[in-house]
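Asks: Dropping a prediction and its sequence here:
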Amino acid sequence: MDLNADVGEGFGRWSLGDDAALMPIITSANVACGFHAGDPSIIRATCRAAAAHGVAIGAQVGYPDLAGFGRRFVDMQPSDLTDAVLYQLAALEGIARVEGTRVRYLKPHGALYNTVVHHEAQAAAVVEALVAHGGGLAVLGLPGSCIHRIAAERGIAVVVEGFADRGYTQAGTLVPRDQPGALITDEAAVRAQTMRLLDQGVGSICVHSDTPGAARLAQVVREAIVTTGRTPAPFAS
C-alpha cells in the first residue's frame with residue numbers, strides 16, 4: 001500500500017513542511033514542479049532525498065499561481081493547461097534524472113486537483129499532456145473523478161487516492177480548506193480514517209506535509225497499513 005505526501009513546497013528562502021522527517025516514512029513523493037511552489041534548487045534537493053530513501057517520485061503539477069499556492073482556480077484554455085503540465089513534467093523529469101531517479105506518476109495539486117474531479121475540459125487537458133508525454137505515467141485522483149474516466153479511455157493508468165488528514169463531504173469530495181472540518185490532525189481520527197480508506201480499496205493514502213504534525217501523522221498511517229498485513233510500498237515501480 002502506497003503512502004504519499006506533497007513535498008518540495010518551498011520557494012527561495014521560504015519553506016513549508018518537514019520533508020526531511022517525512023522521507024523515511026512515505027513511499028511516494030509528490031514533488032512540486034515550480035508553478036505553485038518549488039524552485040530549481042528545492043526540486044533538486046527533494047529529488048535527491050527521495051532517491052536516497054527509495055521513495056518514488058511523482059510530478060505534482062498545478063496552476064501558475066505562486067502567490068496563491070495553487071489553491072485558486074485558473075480559467076486556462078485547455079491547450080495552455082496541457083502545455084503548462086508538460087512544462088512542469090519536463091522540468092521535474094530532467095532534475096530527477098540528474099539525481100539518479102525518474103518521475104513515475106502525476107498528481108494535480110490544490111485547485112487543479114479539485115477542478116479535474118468535475119471539469120471535463122481541464123481534466124481532458126491534463127490527460128492530453130500525459131498522452132503527449134508518452135511516458136506511461138499513472139495519474140492519482142479522487143474516486144469518481146472525470147480525470148480518471150478520461151484517462152482510462154486514453155489508456156492512462158489511474159490510481160484512486162484517499163486522504164488521511166482531510167475531511168470529506170457527503171458527495172465524496174474534500175471539504176474546502178476554509179470550512180470547518182477540512183483538516184484532521186488528531187492521531188486517533190487519522191488512524192480511523194486510514195482504516196476506512198483501506199476498506200474502500202484506495203491505491204494510495206496521502207498526508208499533506210503542511211498539516212501540523214505531518215511526520216507523526218504519516219507514521220500513524222504507516223503503522224495502520226502494517227496492522228492490516230499490507231506492506232508500505234510505492235504503487236508505481
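Replies: In hand now; what should we look at?
Asks: mind listing the helices for this structure?
Replies: 19-22, 40-52, 78-98, 110-115, 120-133, 146-153, 187-199, 214-227 (DSSP state H).
Asks: Please identify the deepest-packed of those helices.
Replies: helix 110-115 (a mean of 22; mean count of other CB atoms under 10 Å). Quick note: C-beta positions are derived from backbone N, CA and C, even for glycine.
Asks: What mean pLDDT does that one get?
Replies: The average pLDDT within helix 110-115 is 96.
Asks: Quick one: the helices of the chain as CSV, columns for distance to Gly62 too.
Replies: Listed next are the helices of the chain as CSV, based on distance: least, CB to CB, whole Å:
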stretch, distance to Gly62
helix 19-22, 17
helix 40-52, 13
helix 78-98, 8
helix 110-115, 5
helix 120-133, 11
helix 146-153, 14
helix 187-199, 24
helix 214-227, 19
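Asks: between the ones you listed, which gets nearest to Tyr168?
Replies: Closest to Tyr168 of these is helix 187-199 (CB to CB; 8.6 Å).
Asks: Quick one: residues in contact with the closest one.
Replies: In this structure, residues lying in contact with helix 187-199 by CB atoms under 8 Å, 6 or more residues apart in numbering are 1, 162-165, 184, 205, 207, 216-217, 220-221, 223-225, 228, 230.
Asks: Repeat that for stretch 90-106.
Replies: Everything outside stretch 90-106 that qualifies as a contact, by CB under 8 Å, 6+ apart, is 28, 31, 33-34, 40, 43-44, 47-48, 50-51, 56-59, 61, 85, 89, 126, 130, 135, 137-140, 159, 234-237.
Asks: Likewise for stretch 201-213?
Replies: Stretch 201-213 has contacts (CB under 8 Å, 6+ apart) with 1-7, 9, 16-19, 22, 26, 28, 30, 140, 143, 159-166, 183, 185, 190, 194, 197-198, 214, 217-218, 221, 225, 235.
Asks: Let's see that with 6 Å instead.
Replies: Residues from elsewhere that reach stretch 201-213, judged by CB atoms under 6 Å, 6 or more residues apart in numbering: 2-7, 16-17, 22, 159-165, 185, 197, 214, 217-218, 221, 235.
Asks: Excluding chain neighbours, what is closest to Pro176?
Replies: Ala182 (6.2 Å; CB to CB, 6 or more residues apart in numbering).
Asks: wait, that neighbour sits on Thr173?
Replies: No. Judged on CB atoms under 6 Å, Ala182 makes no contact with Thr173 at a distance of 11.4 Å.
Asks: How much space separates the closest residue in space to Val74 that isn't next to it in sequence from Gln88?
Replies: Leaving aside its chain neighbours, Val74 sits nearest to Tyr63 (4.1 Å; criterion: CB to CB, 6+ apart). Counting by CB to CB, to the nearest Å, the gap from Tyr63 to Gln88 is 10 Å.
Asks: Between the two ends of stretch 56-76, what distance do you get?
Replies: 30 Å (CA to CA, to the nearest Å).
Asks: swap that for stretch 114-128, sorry
Replies: From its first residue to its last, stretch 114-128 covers 18 Å (CA to CA).
Asks: outside of that stretch, which residues touch it?
Replies: Identification of contacts with stretch 114-128 by CB under 6 Å, 6+ apart yields 73, 78, 81-82, 85, 108, 142, 145-147, 150-151, 154.
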